[in-house]
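Engineer: any chance you could fold what I've pasted below:
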Amino acid sequence: MTSEAPVRLSAKLEGRLSDPAMDLSTDSRMNPDLLATLTRFGFAANSGPSPVDRTSSYADRLAVVATTEQGFETFYAALAERPSGGPDVERTTEMVPGGDGNDIALNIFRPTEAAGPLPAVIYLHGGGMTMLAVDGPVHDGWCRALAGAGLVVVAVDFRNAGGVGGPHPFPAGLNDCLGALGWVHAERERLGVSTIVLQGESGGGNLALATALKAARDGTIGMVDGVYAMVPFISGGYAWSDDRKLRELPSMIENDGYFASCSRLDVLAATYDPDFHNAENPLCWPYFAGVDDLRGLPPHVISVNELDPLRDEGRAYYRKLLQAGVVAHGRVNLGLTHAAETIFPTSAREAHEATVADIKRFADSL
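Structural biologist: Residues are numbered from 1 along each chain as shown. The predicted structure follows:
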């Protein structure tokens, strides 16, 4: 009898882990319709490094955030992708008091023909907690798509850490989200709201998770019926060494530069927490929440995109939720870059419509 040496299997490397020169145009996983749009706007090549980093002055970081914000707002306006048609939606605005002596604008969307109490989504927009306007075409279109699906949507104009609405670093934006949650909860009957879901993408995903964590600490988690976080920006680890990224969150290397680069994400992170006092504070970076922080939270959905540098931090948070006994569901959108289902409702129509439908399904299930 002869013995054979054991077969050693190794995982297939993908993206820039397999070829550091790979970009979206050469990655076979990429959605072709989305690629065509990104190519048209010059985003198929890998995003280059930021002109500043976290060691640069706070003023220089703020200047780069302002330029980045202007560039994205211009891009979003030129993109001109809108969700497919649906029921008519009405929008009103309420000004409510914030906890820091400030006022918070809440844009409220609802289907005009809706009858009876509806589930509510408190929408927290993307932009790394640092930039972009709640009223921009991408965020406004997303709210209208959700409302058209039969939801009351409350979009929070929280204070950004930079850009036109800044500088208001952590925890200003989080405080505004908590203020909005308290107001919507107190006004459930007047608003015709049955349940409340915290929902956001990217930086808004961070704020949705952090708002739930803070409400749990404050003993007010009963106000929240569910959390739906998409492509959450939650580790703050974008300047970690390659060794640490490979150990913990390899998508930061696998997909680095695919519409979003760690270098540029780190400037947002370093502007949100400019003095670096909260590097492992779960209210600033929910990735660092422990199992004890998560126990007793309401149901969650964590949705990530295959070709996103942030993919693995969302997956890690989902696994922690399960370890803590939280009812949680995970979704992976194949072939999509960061926040594509929100930003590109035409080029990524199937994913956009499936995600809107899933948020409605989740809200109805609570």
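
Engineer: report the contact partners of the closest residue to A172 other than its chain neighbours.
Structural biologist: Nearest residue to A172, sequence neighbours excluded (C-beta to C-beta, 6 or more residues apart in numbering): R159, at 4.4 Å. Backbone N, C-alpha and C define where each C-beta goes, glycine included. Counting by C-beta atoms under 8 Å, 6 or more residues apart in numbering, R159 touches 102, 165-166, 168, 172-173, 176.

Engineer: buried subset of those as a PyMOL selection?
Structural biologist: Buried residues among the contacts of R159 (16 or more other C-beta atoms under 10 Å), as a PyMOL selection:
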select buried, resi 165+166+168+172+173+176
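
Engineer: least confident pick among the contacts of R159?
Structural biologist: When the contacts of R159 are compared on pLDDT, G165 comes out lowest, with 90.

Engineer: who's in contact with it?
Structural biologist: Contacts of G165 by C-beta under 8 Å, 6+ apart are 131, 133, 157, 159.

Engineer: neighbour-wise, which of the residues you listed leads?
Structural biologist: Highest neighbour count within these, by other C-beta atoms under 10 Å: M131, with 25 neighbours.

Engineer: my read: that residue touches N160, true?
Structural biologist: Yes - at 5.7 Å, M131 and N160 qualify as touching, with contact defined as C-beta atoms under 8 Å.

Engineer: who touches both of the two?
Structural biologist: G166.

Engineer: what about R244, how many residues nearby?
Structural biologist: Using other C-beta under 10 Å: R244 sits among 12 other residues.

Engineer: from I253, how far out is it?
Structural biologist: Look at R244 and I253: by C-beta to C-beta, to the nearest Å, they are 11 Å apart.

Engineer: sorry, back to before: closest to A269 among the contacts of R159?
Structural biologist: Lowest distance from A269 to the contacts of R159 (C-beta to C-beta) belongs to G173, with 13.4 Å.

Engineer: what distance do you get for the closest one to R110?
Structural biologist: Distance of G173 to R110, computed by C-beta to C-beta: 25 Å.

Engineer: kindly report the same for R315.
Structural biologist: Counting by C-beta to C-beta - R315 and R110 are separated by 33 Å.

Engineer: with L174 instead?
Structural biologist: Taking C-beta to C-beta, one finds L174 at 26 Å from R110.

Engineer: where along the stretch 251-366 of the chain do the strands fall?
Structural biologist: Under the criterion DSSP state E, counting those that start in this stretch, the stretch 251-366 of the chain contains strands at 300-305, 328-333.

Engineer: and the first one, average pLDDT?
Structural biologist: Strand 300-305 shows a mean pLDDT of 98.

Engineer: repeat for stretch 222-234
Structural biologist: pLDDT averaged over stretch 222-234 gives 98.

Engineer: give the buried residues for it.
Structural biologist: So for stretch 222-234, counting by 16+ other C-beta under 10 Å, buried means 223-234.

Engineer: nearest to D266 among these?
Structural biologist: F233 (11.0 Å).

Engineer: OK, contacts around that closest one?
Structural biologist: Counting by C-beta under 8 Å, 6+ apart, F233 touches 126, 128-129, 202-203, 205-206, 265, 268-269, 310, 313.

Engineer: one more: D100?
Structural biologist: 172, 175.

Engineer: from T68, how far out is it?
Structural biologist: Note on D100: its distance to T68, by C-beta to C-beta, is 26 Å.

Engineer: coming back round to it: can you redo the contacts of R159 as CSV with distance to P298 and secondary structure?
Structural biologist: Below are the contacts of R159 laid out as CSV (distance: C-beta to C-beta, whole Å; DSSP: H, G, I helix; E, B strand; the rest coil):
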residue, distance to P298, secondary structure
N102, 28, coil
G165, 29, coil
G166, 31, coil
H168, 28, coil
A172, 25, helix
G173, 21, helix
D176, 21, helix
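
Engineer: from the contacts of R159, which is closest to I302?
Structural biologist: G173 (20.4 Å).

Engineer: for the nearest residue to that closest one once chain neighbours are set aside, which residues are in contact?
Structural biologist: Excluding the flanking residues, the one nearest G173 by C-beta to C-beta, 6+ apart is F158, at 4.3 Å. Neighbouring residues of F158 by C-beta under 8 Å, 6+ apart: 104, 124, 134, 172-174, 176-177, 180, 207.

Engineer: kindly recompute the last result at 7 Å.
Structural biologist: 124, 173, 176-177 (C-beta atoms under 7 Å, 6 or more residues apart in numbering).

Engineer: kindly report the same for P298.
Structural biologist: P298 makes contacts with 221, 224-227, as judged by C-beta under 7 Å, 6+ apart.

Engineer: ok, now V326?
Structural biologist: Neighbouring residues of V326 by C-beta under 7 Å, 6+ apart: 294, 297, 300.

Engineer: tell me which of those is nearest to L118?
Structural biologist: H300 (20.8 Å).
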